[in-house]
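Participant: Provide a 3D model corresponding to the input given below.
(chains A and B)
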There are 2 protein chains.
Amino acid sequence: MTGIDPRISQTRAAVGEAVRALLVDEGWDAVTHQRVAERSGVGRNTVYRHFPDRLALLAHGGNFVDDGHHAPITGDVRADLAAELRCFRRELFDGVVGTVIAAIFERADRDPEVAPLRDRLVEMGAGQTFDLVRRGMTDGLIDPDRDVADVVASLCGPVLYARFCQGRRPTDEAIDRIVDSQLRPG
Amino acid sequence: MTGIDPRISQTRAAVGEAVRALLVDEGWDAVTHQRVAERSGVGRNTVYRHFPDRLALLAHGGNFVDDGHHAPITGDVRADLAAELRCFRRELFDGVVGTVIAAIFERADRDPEVAPLRDRLVEMGAGQTFDLVRRGMTDGLIDPDRDVADVVASLCGPVLYARFCQGRRPTDEAIDRIVDSQLRPG
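Facilitator: Numbers count the residues shown, from 1 in each chain, chains lettered A, B, ... in the order given. Next comes the predicted model:
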């Protein structure tokens, strides 16, 4: 077994960076093989070889986005949920993820090919929150009769709303309150 | 004083309808004076006269969206909040509002002209929820030391998240739980 050719991972990283930059600067319609090639400095044929269609390009751009940005698990579900929501806040407010997400939301409604990409991104983004909520239910911290997806929506939704509707970063205290509102009293 | 010429309100209604249809079917870039004129059957010069630039077109399309879709106020803050969240759910899931909102979120990040349009839409959409939360604080139902905007985000955010991230309509029971999670215990 040989390792992955470092030139290939460089190429893929440069393409992912270019996809995100184009999405942020000019929006979805700018993400074409031609423009990605120009922006990344990677040859157009090479871009096509690695990413045969636009959706592959966008999926690749999205994948980079969420690369390892989760909070470490300590076992204290309450603290771990708050730490994970702080990561979500950072992703949404400090980088390009918010813009990429908005572009995907907008497109997912009218392009059935984009819906699976959205689902994959959400799974990557919220998977750890799901697991923590399930653990909270096992531990008795969260009402086990509730629907897990509803609890996840009540945790992540306020941060999403603050980003897109209010343009206003939730404080650490606000995040602690969001977590506590989903825990059983006591 | 004479009333508004009914032909003018017909024209404006037709233009608003065309803006929303174009946004939903083809996205933001399709909302041009030319395309709106074609789609609405209103003359291009007339469209320009009423809406001198694209932002005016989009603002008009957005304004129609939220026209009178609020729940009636009964004075029971808990019930009124739940009714208002059900209206928000209907707007997001049953009509074109969700798609229009996603287009505006996506564009607001990179177009400073769109940010005020987003703010106006959010104010129209969430204004009644704000008022109800303030009343709940006066009545002792909601902790008055909390930030009103944070409470609004915790009420509307889960519905927004369910729409855009989960593609999953919250049940009536889920909405009641969202409201209760923001009320003081007891």
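Participant: Against chain B, how distant is A:Leu58?
Facilitator: Going from A:Leu58 to chain B by C-beta to the nearest C-beta, to the nearest Å gives 13 Å. Yep, even glycine has a C-beta here, placed from its N, CA and C like the rest.
Participant: Ok, A:Phe164 next?
Facilitator: Separation of A:Phe164 from chain B (C-beta to the nearest C-beta) stands at 5 Å.
Participant: just checking, that residue touches B:Phe105?
Facilitator: Yes. Here A:Phe164 reaches B:Phe105: they are 4.6 Å apart, a contact under C-beta atoms under 8 Å.
Participant: So for those two, which residues contact both of them?
Facilitator: Common contacts of A:Phe164 and B:Phe105 (C-beta atoms under 8 Å, 6 or more residues apart in numbering or on different chains): A:Ala102.
Participant: residue ranges of the helices in chain A, please?
Facilitator: Using DSSP state H, the helices found in chain A span residues A:6-26, A:33-40, A:44-50, A:54-65, A:77-94, A:97-108, A:114-138, A:148-161, A:172-180.
Participant: what's the average pLDDT for the first one?
Facilitator: Helix A:6-26 shows an average pLDDT of 87 in the prediction.
Participant: other SSEs contacting it?
Facilitator: helix A:33-40, helix A:44-50, helix A:54-65, helix A:97-108 (3 or more C-beta pairs under 8 Å, 6 or more residues apart in numbering or on different chains; DSSP states H and E).
Participant: Throw those helices into a markdown table and include mean pLDDT and mean neighbour count, thanks.
Facilitator: Output for the helices and strands packed on helix A:6-26, formatted as a markdown table (pLDDT from 0 to 100; neighbours: other C-beta atoms under 10 Å in any protein chain shown):
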| stretch | mean pLDDT | mean neighbour count |
| --- | --- | --- |
| helix A:33-40 | 96 | 18 |
| helix A:44-50 | 94 | 15 |
| helix A:54-65 | 73 | 20 |
| helix A:97-108 | 80 | 24 |
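Participant: residues near A:Phe130, how many?
Facilitator: Using other C-beta atoms under 10 Å in any protein chain shown, A:Phe130 has 15 neighbouring residues.
Participant: and what of A:Ser9?
Facilitator: By other C-beta under 10 Å, neighbour count at A:Ser9 equals 11.
Participant: before we move on, what about A:Phe51?
Facilitator: 21.
Participant: Give the closest residue to it in space, chain neighbours not counted.
Facilitator: A:Leu57 (4.5 Å; C-beta to C-beta, 6 or more residues apart in numbering or on different chains).
Participant: right, and the one you found touches A:Val19 too?
Facilitator: Yes. Contact criterion C-beta under 8 Å: A:Leu57 and A:Val19 qualify, at 5.6 Å.
Participant: Between the two, which contacts overlap?
Facilitator: A:Val31, A:Val36.
Participant: circling back: list the residues that contact the residue nearest to A:Phe51.
Facilitator: Contacts for A:Leu57 (C-beta under 8 Å, 6+ apart) come out as A:Val15, A:Val19, A:Val31, A:His33, A:Val36, A:Val47, A:Phe51.
Participant: nearest to chain B, of those residues?
Facilitator: Nearest to chain B out of the contacts of A:Leu57 is A:Val31 (C-beta to the nearest C-beta; 12.9 Å).
Participant: Adding distance to A:Leu155, write the helices and strands packed on helix A:6-26 out as CSV.
Facilitator: Output for those, formatted as CSV (distance: least, C-beta to C-beta, whole Å):
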stretch, distance to A:Leu155
helix A:33-40, 35
helix A:44-50, 36
helix A:54-65, 20
helix A:97-108, 16
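Participant: So for A:Gln182, which of those sits nearest?
Facilitator: helix A:97-108 (22.2 Å; C-beta to C-beta).
Participant: doesn't A:Val122 make contact with A:Phe88?
Facilitator: No. Contact criterion C-beta under 8 Å: A:Phe88 and A:Val122 do not qualify, at 11.4 Å.
Participant: Mind listing what's buried along stretch A:9-25?
Facilitator: A:11-12, A:14-24 (16 or more other C-beta atoms under 10 Å in any protein chain shown).
Participant: Nearest to chain B among the residues you listed?
Facilitator: A:Val24 (6.7 Å).
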